[in-house]
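Chemist: Below are the sequence and a predicted model for it; my questions follow.
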Amino acid sequence: MTKVAAIIGGGVIGGGWAARFALMGWEVRVFDPDPEAERKIGEVMGNAGRVLPMLYEAPMPKRGQITLVGSVVEAVTGADWIQESVPERLDIKHRVIAEIQGACPEGAVLASSTSGFKPSELQDGAARPGQIVVAHPFNPVYLLPLAELVPSAVTSPETVARAKEILTAIGMYPLHVRAEIDAHIADRFLEAVWREALWLVKDGIATTEEIDNAIRYGFGLRWAQMGLFETYRVAGGEAGMRHFMAQFGPCLQWPWTKLTDVPEFTDELVDLIAGQSDKQSGHMGIRDLERLRDNNLVAILRGLKQQGAAAGKLILDHDAMLRGPLGDDVPLVTVRRVVPVDWTDMNGHMNEGRYGQLFSDASEELMTHVGADRAYVEAGNSYFTAETTVKYLNETHAGEDIYVTTRVTRGEGKKLRLWHEMCRASDDAVLATCVQFLLHVSLETRRSCPPLPQVLEAVEALAAHHAEAGA
Ligand SMILES: NC(=O)C1=CN([C@@H]2O[C@H](COP(=O)(O)OP(=O)(O)OC[C@H]3O[C@@H](n4cnc5c(N)ncnc54)[C@H](O)[C@@H]3O)[C@@H](O)[C@H]2O)C=CC1
Ligand SMILES: C[N+](C)(C)CC(=O)CC(=O)[O-]
């Protein structure tokens with residue numbers, strides 16, 4: 001049965017949650033009194049729907065519907081997950097939580113997006129505190145997988161377990177924060193860096209753009225894939241973390257930081273920072289900036305996925321979860337996906353090299369289908385491609401839904417010939433075709449040899465079936 005997520009507060013963060021849940025197949029109900037909420041969520045969903053599927057090689061679940069409703073009660077009645085995303089004010093959050101608990105199922109997870117309140121503060125005066133947990137996401141919620149999951153001592157273990165299960169199922173990484181603390185884990189770092197940056201601008205040391213350059217050309221790239229401690233371990237050279245601490249430990253006593261001091265937000269400081277920020281980025285609208293950010297995040301996350309590293313490993317595993325076995329339709333649908341942004345070139349369309357990738361993925365799916373799967377390859381047997389002929393018939397662009405059908409046109413002994421057609425999902429137009437000739441090999445001798453009997457049998461049966469069906 002379709003699961004229901006209720007999003008209370010559909011601003012920057014609520015909109016991102018709504019998009020992620022809907023793209024993962026959930027029915028979503030949003031309550032937000034802002035008359036502009038529907039337009040804003042529609043725009044966020046437009047951006048999210050373009051990029052989130054680009055992270056996956058697997059087909060996405062059927063999109064859920066997002067419905068704007070007129071009250072909290074309407075949103076939360078019968079919901080499985082409730083995400084409170086109203087402004088960061090404890091009085092508002094208390095009022096909203098009371099209203100939610102007056103109507104939501106007792107077994108639902110009631111999660112708060114709060115950036116800094118402790119769950120026990122949110123639970124203060126609540127009807128059922130055990131149901132409440134913090135699930136603190138990162139903007140954009142539909143692309144960044146982290147959700148800090150913070151229970152208090154009275155949050156029930158069932159709520160925590162259910163929250164972990166659901167966050168994982170929608171492709172997120174629930175980081176269980178075991179002891180509640182103001183601003184959780186990650187926002188402690190963000191606050192520290194933000195405070196330093198404000199001082200640097202206020203003191204006239206650097207502009208907003210220079211600070212952004214210091215991050216994006218340097219340590220920001222390291223943090224994205226190794227975090228802090230692993231990075232510093234490497235920075236300690238062969239002697240590792242101990243050497244790093246011995247060398248840089250004393251600096252902590254030097255005036256390298258102003259961490260405990262906060263610059264006052266005078267009108268002058270706000271004008272200075274807002275003015276510099278306008279000069280740096282004011283030529284772009286918010287949705288353009290979001291698209292720029294999202295395209296870059298997709299490229300970085302796909303790079304990490306290719307390496308099976310950091311957040312990319314998470315997406316790789318989630319991809320495997322989403323991917324089911326192939327059906328037995330003729331011809332076989334071997335690939336269903338969207339064209340990711342990093343597959344396009346300066347002509348603005350999918351680059352020719354990526355067609356090779358796509359058809360190679362289709363062959364790999366077919367191999368798995370006939371039993372020449374990862375275990376078979378690890379045991380020393382595989383197929384190598386000997387020849388590929390691609391015909392490019394129509395353009396395709398980033399974000400377009402495509403699929404590949406595959407027919408076995410020859411399957412005898414060590415020889416396997418495939419006919420792939422790449423099609424556009426919206427009108428089934430054929431965009432490219434590919435004839436691929438593969439030879440079965442032993443990975444030990446690196447020479448051709450017949451497949452193991454069960455694979456040969458499956459290949460022959462498929463070839464006969466495709467020929468019979470006139471495919
Ligand atoms: N913006 C960010 O970078 C992040 C924010 N958060 C947290 O997410 C929560 C929401 O923040 P944003 O989305 O940034 O704020 P926002 O201002 O963009 O959105 C808040 C929304 O709540 C709505 N709202 C106000 N009162 C309401 C009520 N009684 N019932 C339903 N909706 C109501 C407003 O109309 C608005 O659309 C906060 O707790 C914040 O700390 C968490 C992670 C990152
Ligand atoms: C600035 N902030 C404290 C609201 C940031 C967050 O809570 C997380 C994020 O997305 O950076």
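Modeler: Received, thanks. Ligands and ions are numbered 1, 2, ... in the order given.
Chemist: Ile402 and Thr334, how far apart?
Modeler: 12 Å (C-beta to C-beta, to the nearest Å). Bear in mind the C-beta positions are built from the backbone N, C-alpha and C, glycine included.
Chemist: And these two? Which one has more around it.
Modeler: When Ile402 and Thr334 are compared for neighbours, Thr334 comes out ahead with 23 against 19, by other C-beta atoms under 10 Å.
Chemist: in this structure, which helix or strand is least confident?
Modeler: In the chain, no helix or strand scores lower on mean pLDDT, DSSP states H and E than helix 240-248, which sits at a mean of 84.
Chemist: helices or strands up against that helix?
Modeler: Applying 3 or more C-beta pairs under 8 Å, 6 or more residues apart in numbering; DSSP states H and E, one finds that helix 240-248 contacts helix 229-235.
Chemist: So what touches the helix it packs on?
Modeler: 219, 222-223, 226, 240-241, 244 (C-beta atoms under 8 Å, 6 or more residues apart in numbering).
Chemist: Most neighbours among these, which one?
Modeler: Ranked by neighbours (other C-beta under 10 Å), the contacts of helix 229-235 are led by Phe244, which has 18 neighbours.
Chemist: list the contacts for the closest residue to that one other than its chain neighbours?
Modeler: Closest residue to Phe244 apart from its sequence neighbours, by C-beta to C-beta, 6 or more residues apart in numbering: Gly236 at 3.2 Å. Contacts of Gly236 were listed using C-beta under 8 Å, 6+ apart, and they are 242-245, 247.
Chemist: from those residues, which are also near ligand 1?
Modeler: With C-beta under 6 Å from any ligand atom as the criterion, the contacts of Gly236 include none near ligand 1.
Chemist: filter the residues you listed to the buried ones?
Modeler: Among these, those classed as buried by 16 or more other C-beta atoms under 10 Å are Phe244.
Chemist: so which of the contacts of Gly236 comes closest to Thr67?
Modeler: Taking C-beta to C-beta as the measure, Thr67 lies nearest Phe244 of the contacts of Gly236, at 52.6 Å.
Chemist: Residue of the stretch 1-150 of the chain nearest ligand 2, please.
Modeler: Nearest residue of the stretch 1-150 of the chain to ligand 2: Ser115, at 3.3 Å (C-beta to the nearest ligand atom).
Chemist: Give me the neighbour count for the residue nearest to that residue when sequence neighbours are not counted.
Modeler: Spatial nearest neighbour of Ser115, chain neighbours left out: Asp187 (5.4 Å); criterion: C-beta to C-beta, 6+ apart. By the criterion of other C-beta under 10 Å, Asp187 has 18 neighbours.
Chemist: buried stuff in the strand or helix carrying Asp187?
Modeler: Asp187 belongs to helix 186-202 when elements are defined using DSSP states H and E. Going by neighbour count (16+ other C-beta under 10 Å), the buried part of helix 186-202 is 187, 191, 195, 197-201.
Chemist: Please apply the same query to stretch 346-355.
Modeler: Buried residues in stretch 346-355 (16+ other C-beta under 10 Å): 349-350, 354-355.
Chemist: quick one: terminal-to-terminal distance for it?
Modeler: Stretch 346-355 stretches 16 Å from its first residue to its last (C-alpha to C-alpha, to the nearest Å).
Chemist: What's the separation between Gly204 and ligand 1?
Modeler: Distance, Gly204 to ligand 1, using C-beta to the nearest ligand atom, to the nearest Å: 27 Å.
Chemist: ignore the last one, Thr334
Modeler: According to C-beta to the nearest ligand atom, Thr334 stands 39 Å off from ligand 1.
Chemist: quick one: what helix or strand has that residue in it?
Modeler: strand 332-338.
Chemist: Give the next helix or strand downstream of that strand.
Modeler: Taking DSSP H and E, what comes next after strand 332-338 is helix 352-369.
Chemist: list the buried ones in the following helix or strand past that following helix?
Modeler: With elements assigned by DSSP H and E, the helix or strand that comes after helix 352-369 is helix 374-378. Within helix 374-378, the residues scored as buried using 16+ other C-beta under 10 Å are Tyr376.
Chemist: And for stretch 106-116?
Modeler: Buried residues in stretch 106-116, counted by 16+ other C-beta under 10 Å: 108-115.
Chemist: do it and ligand 1 meet?
Modeler: Yes - Stretch 106-116 comes into contact with ligand 1 (C-beta under 6 Å from any ligand atom), by way of 113-115.
Chemist: so how far is that stretch off the chain centroid?
Modeler: 21 Å (C-alpha atoms, centre = their mean, to the nearest Å).
Chemist: Alpha carbons of that stretch, in PDB - could you do that?
Modeler: This file holds the C-alpha atoms of stretch 106-116, laid out as PDB (Å, rounded to 0.1, in the frame of the first residue of the first chain):
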ATOM      1  CA  GLU A 106       0.000   6.900  17.400                       C
ATOM      2  CA  GLY A 107       2.300   4.600  15.400                       C
ATOM      3  CA  ALA A 108       3.500   7.300  13.000                       C
ATOM      4  CA  VAL A 109       7.000   8.800  13.200                       C
ATOM      5  CA  LEU A 110       6.800  12.500  14.100                       C
ATOM      6  CA  ALA A 111      10.100  13.900  13.000                       C
ATOM      7  CA  SER A 112      11.300  17.500  13.300                       C
ATOM      8  CA  SER A 113      13.700  19.200  10.800                       C
ATOM      9  CA  THR A 114      15.000  21.500  13.600                       C
ATOM     10  CA  SER A 115      18.600  22.700  13.000                       C
ATOM     11  CA  GLY A 116      19.400  23.100  16.600                       C
END
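Chemist: Quick check: mean pLDDT of that stretch?
Modeler: For stretch 106-116, the mean pLDDT works out to 97.
Chemist: Which residues outside that stretch are in contact with it?
Modeler: Contacts for stretch 106-116 (C-beta under 8 Å, 6+ apart): 9, 13-14, 17, 76, 79-85, 88, 93, 97, 100-101, 104, 119, 122, 128, 131-137, 159, 162-163, 166, 182-184, 187.
Chemist: distance of the residue nearest to Ser115 from Cys251?
Modeler: For Asp187 relative to Cys251 (C-beta to C-beta), the value is 24 Å.
Chemist: right, and Arg354 touches Val341 too?
Modeler: No - assessed by C-beta atoms under 8 Å, Arg354 is found out of contact with Val341, at 11.4 Å.
Chemist: mind checking the SS state of the residue in the stretch 301-450 of the chain that ligand 2 sits nearest to?
Modeler: As assessed by C-beta to the nearest ligand atom, ligand 2 sits closest to Ala311 within the stretch 301-450 of the chain, at 14.1 Å. Three-state call for Ala311 (DSSP: H, G, I helix; E, B strand; the rest coil): helix.
Chemist: near ligand 2, which residues of this structure?
Modeler: So the chain meets ligand 2 at 115, 138-139, 187, 190 (C-beta under 6 Å from any ligand atom).
Chemist: Could you give the separation between the terminal residues of stretch 392-412?
Modeler: One end of stretch 392-412 to the other measures 28 Å (C-alpha to C-alpha).
Chemist: Name the residues of that stretch that are buried.
Modeler: 396, 398, 400-409, 411.
Chemist: Tell me the one of those nearest ligand 1?
Modeler: Ala398 (25.8 Å).
Chemist: ok, now which ones touch that closest one?
Modeler: 50, 54, 339-341, 343-344, 350.
Chemist: Any chance of the backbone angles for Ala425?
Modeler: phi -70, psi -30 (degrees, to the nearest 10).
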